[in-house]
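**Student:** for reference, the sequence and a predicted model appear below.
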Amino acid sequence: MASYVLEADLTWTGAAFESEIQVEVDEAGKIARAGRLGLTADRRLAGLALLPGMVNAHSHAFQRGLRGRTERFPQRSGNFWGWRDQMYALARAVDAERFRELSLAAFLEMRAAGITTVGEFHYLHHVQRQDFALDEQLLGAATQAGVRLVLLEVYYRLGGINKPLREEQQRFETKSTHAFWKQLDRLAERIDPARQSLGVAVHSVRAAGREEIGAIHAESLRRGLVFHMHVEEQRQEIADCRGAYGRTPLALLLSQLGSCENVTAVHCTHSEPDELASFAQGGGRVCLCPVTEANLGDGIPGLSPLAAHPASLCLGTDSNSRISFAEEMRWLSYVQRLKQEQRAVLANERGEVASALFAMATTGGARALGVDAGRIAAGAWADFMTLDLGHPSLAGWTAETLIDAFVFGGADGAIQATCVGGRWE
Ligand SMILES: [Zn+2]
């Protein structure tokens with residue numbers, strides 16, 4: 001790809017929209033320079049605003065296949081665990097082709113929603129025993145969709161604390177830490193380094209023993225990889241963990257891991273405030289998935305302990321029951337407003353909420369995934385989205401109000417295009 005210079009009517013430079021900003025994209029698909037460079041644009045984005053593409057830090061792409069299929073309750077009751085049985089049924093039923101179709105559909109929908117990087121928390125590995133055939137399908141689907149992929153390869157050995165895997169969990173199995181790292185090494189050979197990278201995950205405290213969690217984390221640190229885990233989405237998990245280990249899952253991580261600087265805990269819906277504060281203090285990050293958490297009736301996380309650590313937060317579409325990052329940002333803000341009976345929840349030091357939410361949706365996710373994306377600045381990947389300044393849902397915008405108008409009132413249709421690694425296709 002030849003290098004080129006972009007200029008939109010307005011460009012998001014991290015804290016504000018500015019005009020007359022040129023962005024130079026290099027041959028490798030990164031941003032060489034950005035600012036008032038006095039260059040003539042090769043590509044003039046008239047009527048558009050240029051923003052960093054958004055970073056989805058937590059997804060299970062194949063769960064796109066459940067959309068519209070888990071919303072009826074003949075018994076007039078339903079919870080997370082009932083939904084999980086339906087998800088297991090899907091996981092057992094998909095073949096390689098269907099898995100790829102669903103992943104591709106999810107990734108294309110993400111791009112249309114302004115998401116240019118996805119952290120895929122990938123635990124559905126096998127078609128036949130231990131073949132990891134679906135890992136390959138996932139890489140293929142991401143390549144086809146052109147989305148930047150951080151494949152968070154998931155370790156999954158147990159079917160509950162100290163319990164063997166259930167029949168319906170067999171396709172998730174990683175037999176040992178040795179076999180797991182062997183597969184990571186295989187994947188490292190297969191990925192496209194221009195658009196794909198690896199991270200590791202342990203599914204949850206339910207899926208691995210505490211020593212294994214510690215060992216996988218230690219090796220992730222040694223390899224310079226990010227480490228993700230589902231943490232405290234459900235009260236049952238906390239009760240089981242207390243029963244087995246005498247402490248909560250988050251306390252177990254704090255005691256078992258040493259440094260939490262590469263760790264992202266997904267959900268933390270029912271976390272103890274002091275443990276959450278210690279975790280963030282130690283560099284840990286929290287990924288919230290507000291639309292999924294609402295859909296599953298998980299509960300509302302208490303975010304006050306994280307107020308001093310705004311950079312620790314990021315967002316994910318998780319079950320992909322809906323793929324809209326604008327909606328994730330709004331849900332995050334609105335449930336907290338409802339809970340706290342306040343409007344300025346999650347505001348940054350300038351009192352701006354939309355900017356703070358957009359930072360979570362971009363740089364927050366990028367940090368959690370270990371990619372230099374989510375910002376329009378030299379050295380970052382040239383991953384962008386554009387907003388149609390003529391879109392009715394943004395009407396009345398000014399350079400000062402546009403980010404607020406988009407975050408709180410913008411339709412997904414206002415997102416005109418996305419670009420990954422300098423490529424706009
Ligand atoms: Zn999840």
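**Tutor:** Noted; the coordinates are in hand. Residues are numbered from 1 along each chain as shown.

**Student:** does residue 41 touch residue 22 like I think?
**Tutor:** Yes: under the criterion of CB atoms under 8 Å, residue 41 makes contact with residue 22 at 6.1 Å. Backbone N, C-alpha and C define where each C-beta goes, glycine included.

**Student:** what sits against residue 208?
**Tutor:** By CB atoms under 8 Å, 6 or more residues apart in numbering, residue 208 lies in contact with 155-158, 202, 216.

**Student:** can we see that at 7 Å?
**Tutor:** When contacts are counted by CB atoms under 7 Å, 6 or more residues apart in numbering, residue 208 is found next to 155, 157-158, 202.

**Student:** do the same with residue 237
**Tutor:** 204-206, 249.

**Student:** again with residue 252
**Tutor:** 205, 210, 241, 245.

**Student:** tell me the secondary structure for the closest residue to residue 409 other than its chain neighbours?
**Tutor:** Leaving aside its chain neighbours, residue 409 sits nearest to residue 393 (5.9 Å; criterion: CB to CB, 6 or more residues apart in numbering). Taking DSSP: H, G, I helix; E, B strand; the rest coil as the rule, one finds residue 393 in the helix state.

**Student:** look up how far residue 184 lies from residue 393.
**Tutor:** Per CB to CB, to the nearest Å, residue 393 is found 43 Å from residue 184.

**Student:** which one's more surrounded, the two?
**Tutor:** Between residue 393 and residue 184, residue 184 has the larger neighbour count (other CB atoms under 10 Å), namely 20 against 16.

**Student:** quick one, what contacts the more buried one?
**Tutor:** 153, 198, 200.

**Student:** mind putting those in CSV, distance to residue 379 included?
**Tutor:** Formatted as CSV, the contacts of residue 184 follow (distance: CB to CB, whole Å):
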residue, distance to residue 379
153, 27
198, 21
200, 25
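
**Student:** ok, of those residues, which one's closest to residue 358?
**Tutor:** residue 198 (26.9 Å; CB to CB).

**Student:** any idea which element residue 87 lies in?
**Tutor:** helix 80-93 (DSSP states H and E).

**Student:** in that helix, what's buried?
**Tutor:** Neighbour-count burial for helix 80-93 flags 80, 83, 87-88, 90-91 (criterion: 16 or more other CB atoms under 10 Å).

**Student:** quick one: secondary structure of residue 271?
**Tutor:** Assignment for residue 271 (three-state DSSP): coil.

**Student:** measure it to residue 20 for me?
**Tutor:** Taking CB to CB, one finds residue 271 at 45 Å from residue 20.

**Student:** neighbour count for these two, which is higher?
**Tutor:** Neighbours were counted for residue 271 and for residue 20 using other CB under 10 Å; residue 271 has more, 24 against 12.

**Student:** helices of the stretch 101-250 of the chain, start to end?
**Tutor:** 133-145, 177-190, 210-223, 235-245, 249-257 (DSSP state H, counting those that start in this stretch).

**Student:** just want the angle from the third one to helix 235-245.
**Tutor:** Here helix 210-223 runs at 100 degrees with respect to helix 235-245, directions being taken by axes from the mean of the first three to the mean of the last three CA atoms, to 10 degrees.

**Student:** run through who's touching helix 210-223.
**Tutor:** Contacts of helix 210-223 (CB under 7 Å, 6+ apart): 155, 157, 177, 181, 200, 202, 227, 245, 252, 256-257, 259, 262.

**Student:** and those residues as TSV, adding pLDDT and distance to residue 110?
**Tutor:** Output for these, formatted as TSV (pLDDT from 0 to 100; distance: CB to CB, whole Å):
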residue	pLDDT	distance to residue 110
155	98	25
157	98	30
177	97	31
181	98	29
200	98	22
202	98	24
227	98	23
245	97	36
252	97	32
256	92	33
257	94	30
259	93	31
262	98	24
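
**Student:** residue contacts, residue 199?
**Tutor:** 119, 150, 152, 225-226, 228, 369-370.

**Student:** residue 279: which of the residues you listed is nearest?
**Tutor:** Nearest member of the contacts of residue 199 to residue 279, counting by CB to CB, is residue 228, at 13.5 Å.

**Student:** quick one: the closest one from residue 379, how far?
**Tutor:** Residue 228 is 24 Å from residue 379, where distance means CB to CB.

**Student:** so these two - more neighbours on which side?
**Tutor:** residue 228 (29 against 11).

**Student:** who's in contact with residue 354?
**Tutor:** Residue 354 touches 403-404, 407-408, counting by CB under 7 Å, 6+ apart.

**Student:** narrow these to just the buried residues.
**Tutor:** Here, 16+ other CB under 10 Å leaves 403-404, 407 buried among the contacts of residue 354.

**Student:** make CSV from those and add secondary structure, distance to residue 386 and pLDDT to it.
**Tutor:** Shown next, in CSV, are those (DSSP: H, G, I helix; E, B strand; the rest coil; distance: CB to CB, whole Å; pLDDT from 0 to 100):
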residue, secondary structure, distance to residue 386, pLDDT
403, helix, 14, 98
404, helix, 18, 98
407, helix, 16, 98
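
**Student:** wait, which of these is closest to residue 357?
**Tutor:** For the buried ones among the contacts of residue 354, the nearest to residue 357 is residue 407 (5.5 Å; CB to CB).

**Student:** my guess is that closest one meets residue 359, correct?
**Tutor:** No: applying CB atoms under 7 Å as the test, residue 407 and residue 359 come out as separate, 10.8 Å apart.

**Student:** what about the strands in the stretch 201-350 of the chain?
**Tutor:** With DSSP state E, counting those that start in this stretch as the criterion, the stretch 201-350 of the chain has strands at 227-231, 263-267, 285-288, 313-315.

**Student:** go through stretch 183-195 and flag the buried ones.
**Tutor:** Neighbour counts using 16+ other CB under 10 Å place 183-184, 187, 191, 195 of stretch 183-195 among the buried residues.

**Student:** nope, stretch 233-243 is what I meant
**Tutor:** 233-234, 237-238, 240-241.
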